[in-house]
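Visitor: the sequence and its predicted three-dimensional model are supplied below.
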Amino acid sequence: MTAHFYETAHQSGEKIFAVAPMIDWTDRHCRVLHRQLSSRALLYTEMVVADAIIHGPRDRLLGYSDIEHPVALQLGGSDAAKLSEAIRIAADYGYDEINLNVGCPSDRVQSGTFGACLMRDAAHVADLVTAMKKVSPVPVTVKCRIGVDDQEPSEVLPDFLQRMIGAGADAIWIHARKAWLQGLSPKENREIPPLDYELVHRMKRENPNVFLGINGGIKDLDEAARHLTVMDGVMLGRAAYQNTGLLAGVDALVAGSNPAGVGTVQPDWLALRDAMIAYAETVMASGGRLHHVTRHMVGLFQGFAGARRFRQILSSEATKPGAGVEIIEAAFAAVDLNPQPEQGDGDAITGDAMAGDEMRGGERIAFDICLKG
Ligand SMILES: Cc1cc2nc3c(=O)[nH]c(=O)nc-3n(C[C@H](O)[C@H](O)[C@H](O)COP(=O)(O)O)c2cc1C
């Protein structure tokens, strides 16, 4: 078997930058957008429940475009046989990695006994990883929290990691905060439990030979670069989605070529526009709607003059029946592409604006799709 990209990165001393799995956000259209901005970022799917893959519409749940590589499929589940079956089915789709979700605190997920509540049963998660490794042709990785509820992270995390390493996990991505399984919504569980970067850094120092990546609250590439002085990988979720342009600096960041300037790299905006127009045409030709593509583009142009108009055009015009790709052209035309990004229109989109009710509704719908198939 040829070396997988975690090994290749390790051998060449390169770091890995990942865009986090995010239900309702990192669908295939979102990933195509992100790929236009970085050829190197590792892109994660939304979590897909193993049962849904086994019983549900496989192409809808697993289909994606070739240009998305490297792309990792995140699975939700806690039954070794079901996870193995899902991996066998997904193998035909050619994902570059299979990741197990041990971090999601949603009620729906708890009722299925998987996600973050698995942090309470490291031995079982290790058995799952062992079973998944047996059938997976690609790396098997885990995304976890530092603990749940009243667990003491500095006690449970080292043990959890040792068990994952013992089971042969190829990489572990750690969201550097606990999840509270009772009383906090999924959104609150991404904000309220405090971040403990130092603990995660210590785990890396104590485990030099296994790939450990950090996630949680990292706002930009300068912060990411600081984590990468210690960690093997860095994973951004909300910042990457809500300020998509920052992905333009990722290739330089992981290559280590321009660590000081990565935060200021600007995309080739016109090439991006043309690529997204061409992609949206193919989506619509196969029955999709313009809005399926453009809804992920509202996080472009953070702070640019004209960004507000850009978002207005995308969110009002692109949703109308019969809307065509000329809407994308019109939206880009509304933006001053040569500004200092700081001199914006004073209407920079905030995390809450996107992660509000619409997002919670989206999460609920996505869980329904995942769970019911
Ligand atoms: C809308 C949304 C959906 C999410 N869905 C998932 C998911 O499917 N699987 C998962 O492991 N984490 C999920 N997360 C958590 C993120 O992967 C990430 O761990 C979290 O947002 C913290 O990283 P950040 O501060 O960089 O956003 C989701 C987060 C958001 C905002």
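Guide: Perfect, thanks for sending it.

Visitor: now residue 14. Nearest residue, chain neighbours left out?
Guide: Beyond its immediate neighbours in the sequence, the residue positioned closest to residue 14 (Cβ to Cβ, 6 or more residues apart in numbering) is residue 254, lying 5.6 Å away. C-betas here are computed from N, CA, C, even on glycine.

Visitor: next one: residue 228
Guide: Using Cβ to Cβ, 6+ apart, the closest residue to residue 228 is residue 15 (4.7 Å).

Visitor: same question for residue 134.
Guide: Nearest non-adjacent residue to residue 134 (Cβ to Cβ, 6+ apart): residue 84, at 7.2 Å.

Visitor: how about the strand or helix carrying the residue nearest to residue 14 and the ligand, touching?
Guide: For residue 254, the element it lies in under DSSP states H and E is helix 250-255. No. Using Cβ under 6 Å from any ligand atom, helix 250-255 stays clear of the ligand, coming no nearer than 13.8 Å.

Visitor: output that helix as CSV, nothing but the C-alphas.
Guide: Taking C-alpha atoms only, helix 250-255 is exported to CSV below (Å, rounded to 0.1, in the frame of the first residue of the first chain):
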residue,chain,number,x,y,z
VAL,A,250,-3.6,27.7,3.7
ASP,A,251,-1.2,26.2,1.0
ALA,A,252,1.6,28.6,2.1
LEU,A,253,0.9,27.8,5.7
VAL,A,254,1.2,24.0,5.4
ALA,A,255,4.2,24.3,3.2
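
Visitor: gap between residue 77 and residue 307?
Guide: Noted for residue 77: a distance of 40 Å to residue 307, by Cβ to Cβ, to the nearest Å.

Visitor: how about the nearest residue to the residue of the chain found nearest the ligand, chain neighbours excluded?
Guide: Taking Cβ to the nearest ligand atom, the ligand has its nearest neighbour within the chain at residue 237, 2.7 Å off. Take residue 237 and drop its neighbours on the chain: the residue closest to it by Cβ to Cβ, 6+ apart is residue 20, 3.4 Å away.

Visitor: list the contacts for the residue nearest to residue 134?
Guide: 131, 132, 134, 135 (Cβ atoms under 8 Å, 6 or more residues apart in numbering).

Visitor: on the three-state scheme, the most far-flung residue of the chain relative to its centre is what?
Guide: Relative to the C-alpha centroid of the chain, counting by Cα atoms, centre = their mean, residue 322 is the outermost residue, at 30.6 Å. When classified by DSSP: H, G, I helix; E, B strand; the rest coil, residue 322 comes out as coil.

Visitor: what of residue 235?
Guide: Assigned state for residue 235: strand (three-state reduction, three-state DSSP).

Visitor: confidence score at it?
Guide: Here, the pLDDT recorded for residue 235 equals 98.

Visitor: so it is in contact with residue 211, correct?
Guide: No. Residue 235 sits out of contact with residue 211 when judged by Cβ atoms under 8 Å, with a separation of 11.9 Å.

Visitor: in terms of neighbours, single out the busier of those two.
Guide: A count of neighbours by other Cβ atoms under 10 Å puts residue 235 above the other of residue 235 and residue 211, at 26 against 21.

Visitor: give me the beta-bridge partners of that one?
Guide: The residues listed as beta-bridge partners of residue 235 by DSSP bridges are residue 18, residue 215.

Visitor: where does pLDDT dip in the stretch 1-150 of the chain?
Guide: Within the stretch 1-150 of the chain, the set of residues satisfying pLDDT under 70 comprises 1-3, 107-112.

Visitor: who in it is up against the ligand?
Guide: Where proximity means Cβ under 6 Å from any ligand atom, the interface of the stretch 1-150 of the chain facing the ligand comprises 20-25, 46-47, 74, 101, 103-104, 143.

Visitor: what ranges do the strands span in the stretch 51-200 of the chain?
Guide: Shown for the stretch 51-200 of the chain, the strands assigned by DSSP state E, counting those that start in this stretch span residues 71-76, 97-102, 140-144, 171-175.

Visitor: just those: most buried one?
Guide: strand 171-175 (a mean of 28; mean count of other Cβ atoms under 10 Å).

Visitor: hang on, the earlier thing: quick one, phi/psi of the residue farthest from the centre of the chain?
Guide: The main-chain torsion angles of residue 322 are listed as degrees, to the nearest 10 and equal phi 80, psi 0.

Visitor: for residue 337, see how far away it is.
Guide: If you measure residue 322 against residue 337 using Cβ to Cβ, the figure is 28 Å.

Visitor: how about residue 202?
Guide: The separation that residue 202 has from residue 337, given Cβ to Cβ, amounts to 44 Å.

Visitor: over to residue 52?
Guide: Distance, residue 52 to residue 337, using Cβ to Cβ: 41 Å.

Visitor: more neighbours: these two, which one.
Guide: Between residue 52 and residue 337, counted using other Cβ under 10 Å, residue 52 has the larger neighbour count: 23 against 15.

Visitor: quick check: the more buried one touching residue 62?
Guide: No. The pair residue 52 and residue 62 does not pass the contact test of Cβ under 8 Å, sitting 9.8 Å apart.

Visitor: who are the contact partners of residue 290?
Guide: The neighbourhood of residue 290, defined by Cβ under 8 Å, 6+ apart, consists of 280, 283, 284, 318, 323, 324, 325, 327, 328.

Visitor: also near the ligand: which of those residues, exactly?
Guide: Counting by Cβ under 6 Å from any ligand atom, no member of the contacts of residue 290 is near the ligand.

Visitor: who's more crowded, residue 77 and residue 307?
Guide: Residue environment comparison for residue 77 versus residue 307 gives the larger neighbour count to residue 77, 29 against 25, counting by other Cβ under 10 Å.
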